[in-house]
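A.B. asks: how does the following fold in three dimensions:
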Amino acid sequence: MKNTKIYSGLCLLGVAGLLTKAHAAGSPAIASDSAAWQKPVWLTDLSLGVKESYDDNLLLVSGNGLVPQSSWVTTVSPKIGFNFAPLLGNQNTNILQTLSLVYSPDFNIYENAPSQNYDAHKIGDSIKGQAGDFSFSLDNAFLYNDGNHQAPIYGPAGGAGGNAFDQYRNNYAHQVPRERLAQTQDRATILLQYDWDKFFVRPTASLLDYNLLTDWHKTSSAPWVGYQNYVDRYDVNGGVDLGYKLTPKLAATLGYRYGSQYQQQFPSAITSDNHHSSSDYQRVLLGLEGKPWNWLNVKLAGGPDFRSYNSLAPVADHNPVKYYGEAVLTATITPSQSVTFNYKQWQWVSSTGKVPYFDSTFALTYHWNATTQLGFDLGGKVLEGDYTVGNEVTPTSTGQNSSLRDDMEYELSAGITYAFTKHLSANVAYTYDAGANALNNLPAALGPEYRNFEHQVTSLGIQYKF
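C.D. replies: Numbers count the residues shown, from 1 in each chain. All right, here's what the predicted structure looks like:
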C-alpha cells in the first residue's frame, strides 16, 4: 500500500501546484477562470475530487478489548450529472422541468487496513414537472457498495486484544464499518400535488431499502465467535396529505400513511432464535410547511404510529401505539449565514436482527460564507437507539437480555472550504464522535463499558469543477 500513499500524496501536491499558479496569475481568484470552457446547459455536474483522511478507530471499539485500529484513507470522487429537460423544448412551456441523472462514485483505499477498501457507486435521479395546478416529483438515490463480503469479528477470535465483551459494543459502533461492506441501498420518494386557492391534496409514497450482501456465519463456534451477521430490511409506505394554506407561503397539513417494515429472519443454521420484528403500521400526521417568516423555512410532521407486529416479534405488545416525527427548519440569519435543524424519531428495525428500536436523531448545522471564497461549517448531532421497547418475554427465545440496550452517540464536526477559483476549491474537515451507554445499573456481565467509544476523522480534500 506504500505506492497508494505515494500516489495520493502526488495527487494532492500536484493540485496544490495548480493552486499556487492560480494565485500567481495576479488577477482576482474567482474570476481567473472566466475564459474557461463552459458546460452545456444539460451537463449540470462535472468534477473530480481527491481527499486524504486519517481515521483513528476504524471499528469504533471501546479499547477495553479490541485495540482501536487506525488508517490513512485515500478517496477519489469523480462526478457527472445531466439534466435532459432542456433538450425537450422551451422551459417556459415544457411540463417536464427536471429530468436529471447523477453518477458520483467514491473509490476508497485504506492504506493500513485493505479489508476495509470499498467502492461506493452512487446514482441519483430526479423527475419534476408542473402543468397548471398539478405538479409532480420523483427522487431516487441508489447506492451499490463493492466492498468486503465478510463483516468484522469482535469476539475472542477477533485477533490480539479481542474480548467476548466486544460483542456488546454500542449500536452506533458497528454502523460506520457496516457502511463499507458489500450492499445496496435505495431511497425513493414520489409526490403528486393538486392545488386550489386555499387547499391542496398530495398523494405520496416512499421507500427505504437496505440489502446487505455480507456472508452469514454461525457465531457459536470457532472461528466465527464474535462475527457480526447482518440482515436485510426495508420500510415502504404510501398515503395522502391534505393541506390548508394559512398564508400564501405557509400551510398546515393532515396526513395518513399505511406502510410496512420488513426485517429478514436468520435461518436455523445460523441461530436457533428465529425471531424477527417485521410489522405493518398506520400513521396520522399533523404538519406545518412553508415560510412563517421570510427568514425561516419549516417542514415538520408528527403523530401517532399504530403498529401490528408479526407473531414472532420479540416484543411485549404486538399492537403498540408509537410516535413518529420529523422536521427540517432552516433559518437564514444573514444573506451569508444559515442554521439548519434536522430531527427524526421513529420505530425502526435493526440491521443486526430481532429486537426493534426507537430511533432518534437531532442535528444542528451552521454555515457561513465569510467571503466569496471562504466558507465555514459547524455541526452537532445527537443520536439515540433505544432497544428497551423490545422487552423480550417470549419463553422460547434464546436471546437473553437482548432489549437491555439504550445507546447514544454525540458528534461534533467542523470544516473550512476555500475557493481558489470558481472551479478549484479545497476543504479541511474534522469530525469527533463519542458513543455512550444510557442505561443505569447495567450488570457487568453485559459489559457496559464496552459500549463507550471515541472516534476521530481528519481530512484534507481538493475538488476541481469543470
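
A.B. asks: in the helix or strand hosting Arg202, what's buried?
C.D. replies: Per DSSP states H and E, Arg202 falls inside strand 199-212. If you call a residue buried by 16 or more other C-beta atoms under 10 Å, then strand 199-212 has these buried ones: 200, 202, 204-210, 212. (C-beta placed from N, C-alpha, C; glycine too.)

A.B. asks: what is the nearest of those residues to Gly287?
C.D. replies: Arg202 (10.6 Å; C-beta to C-beta).

A.B. asks: how much space is there between that closest one and Asp235?
C.D. replies: As judged by C-beta to C-beta, to the nearest Å, Arg202 and Asp235 stand 20 Å apart.

A.B. asks: next one: Asp273
C.D. replies: 23 Å.

A.B. asks: who's in contact with stretch 183-197?
C.D. replies: 133-145, 147, 200-214, 245 (C-beta atoms under 8 Å, 6 or more residues apart in numbering).

A.B. asks: distance from the chain centre to it, please.
C.D. replies: In terms of C-alpha atoms, centre = their mean, to the nearest Å, the gap separating the centre of stretch 183-197 from the centre of its chain is 18 Å.

A.B. asks: then stretch 238-247?
C.D. replies: The answer for stretch 238-247 is 27 Å, by C-alpha atoms, centre = their mean.

A.B. asks: what segments of the stretch 251-400 of the chain are strands?
C.D. replies: 279-293, 296-309, 321-334, 337-348, 357-369, 374-386 (DSSP state E, counting those that start in this stretch).

A.B. asks: who touches the third one?
C.D. replies: Same thing as strand 321-334. 283, 285, 295-307, 338-347, 358.

A.B. asks: give me the mean pLDDT for that strand.
C.D. replies: Averaging pLDDT along strand 321-334 gives 97.

A.B. asks: list the buried ones in it?
C.D. replies: Per 16+ other C-beta under 10 Å, strand 321-334 contains these buried residues: 322, 324-327, 330.

A.B. asks: thinking again about what came up before, of the strands of the stretch 251-400 of the chain, which is nearest Gln69?
C.D. replies: strand 374-386 (22.9 Å).

A.B. asks: quick check: angle from the helix or strand where Asp433 lies to strand 374-386?
C.D. replies: Assessed by DSSP H and E, Asp433 sits inside strand 424-437. Strand 424-437 and strand 374-386 are oriented at 20 degrees to each other (axes from the mean of the first three to the mean of the last three C-alpha atoms, to 10 degrees).

A.B. asks: can you name the element that comes right after strand 424-437?
C.D. replies: strand 453-465.

A.B. asks: tell me what that following strand is packed against?
C.D. replies: helix 2-24, strand 43-55, strand 424-437 (3 or more C-beta pairs under 8 Å, 6 or more residues apart in numbering; DSSP states H and E).

A.B. asks: list the strands paired with the second one, with their directions.
C.D. replies: Strand pairing for strand 43-55, using DSSP bridges, gives strand 71-83 (antiparallel), strand 453-465 (antiparallel).

A.B. asks: now swap in the last one and tell me
C.D. replies: Partners of strand 424-437 in the sheet, by DSSP bridges, are strand 406-419 (antiparallel), strand 453-465 (antiparallel).

A.B. asks: which positions in the shortest one come out as buried?
C.D. replies: I take that to be strand 453-465. Quick answer for strand 453-465 (16+ other C-beta under 10 Å): 453, 455, 457, 459, 461-465.

A.B. asks: center of the protein - which residue?
C.D. replies: For the chain, the residue sitting closest to the mean C-alpha position, by C-alpha atoms, centre = their mean, is Glu179 at 9.3 Å.

A.B. asks: wait, what's in contact with that one?
C.D. replies: Asn145.

A.B. asks: any idea how far it is from Ala436?
C.D. replies: 21 Å.

A.B. asks: Pro335 too?
C.D. replies: From Pro335 to Ala436 the distance is 39 Å (C-beta to C-beta).

A.B. asks: who has more neighbours, those two?
C.D. replies: Ala436 (16 against 7; other C-beta atoms under 10 Å).

A.B. asks: is that one bridged to anything, and to what?
C.D. replies: Met408.

A.B. asks: likewise for Leu143?
C.D. replies: Beta-bridge pairing for Leu143 (DSSP bridges): Lys122, Gln185.

A.B. asks: doesn't Lys122 make contact with it?
C.D. replies: Yes: with contact defined as C-beta atoms under 8 Å, Leu143 counts as touching Lys122 (5.3 Å).
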